[in-house]
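>>> missing the sequence, but the structure's below:
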């Protein structure tokens with residue numbers, strides 16, 4: 001399954017649906033934390049899309065989800 005090209009805001013909305021909450025911002029990067037201790041950082045650059053490599057890293061390593069699970073949360 002091919003992932004769509006998404007902006008940082010779109011990825012952030014999906015991450016929040018996995019139970020993560022925004023904790024702080026460092027420059028243009030938003031940091032999200034899950035109650036179980038997992039963290040993820042999402043760049044919020046206006047008009048730019050998240051690259052496929054970073055998006056896969058966020059989905060697999062940070063969220064612990066599959067592509068299908070992520071697509072359902074969009």
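That came through, no problem. The structure displayed is predicted, hence computed values, not measured ones. Numbers count the residues shown, from 1 in each chain.
>>> tell me the contacts of the residue nearest the centre of the chain?
For the chain, the residue nearest the mean C-alpha position is residue 11 (4.4 Å; C-alpha atoms, centre = their mean). Taking C-beta atoms under 8 Å, 6 or more residues apart in numbering as the criterion, residue 11 is in contact with 42, 50, 55, 58. Where you see a C-beta, it was placed from the backbone N, CA and C, and this is true even at glycine.
>>> For those residues, which two are the farthest from each other?
Greatest spatial distance among these (C-beta to C-beta): 42 and 55, at 9.7 Å.
>>> Show me which of those two is the more surrounded one.
The neighbour count for residue 42 versus residue 55, taken as other C-beta atoms under 10 Å, is higher for residue 42 (24 against 19).
>>> Surely that one forms part of a strand?
Yes - applying DSSP: H, G, I helix; E, B strand; the rest coil, one finds residue 42 inside a strand.
>>> Which secondary structure state is assigned to the residue nearest to the centre of the chain?
Assigned by three-state DSSP, the conformation of residue 11 is helix.
>>> my guess is residue 33 meets residue 23, correct?
Yes - the pair residue 33 / residue 23 is scored as a contact, 4.7 Å apart, by C-beta atoms under 8 Å.
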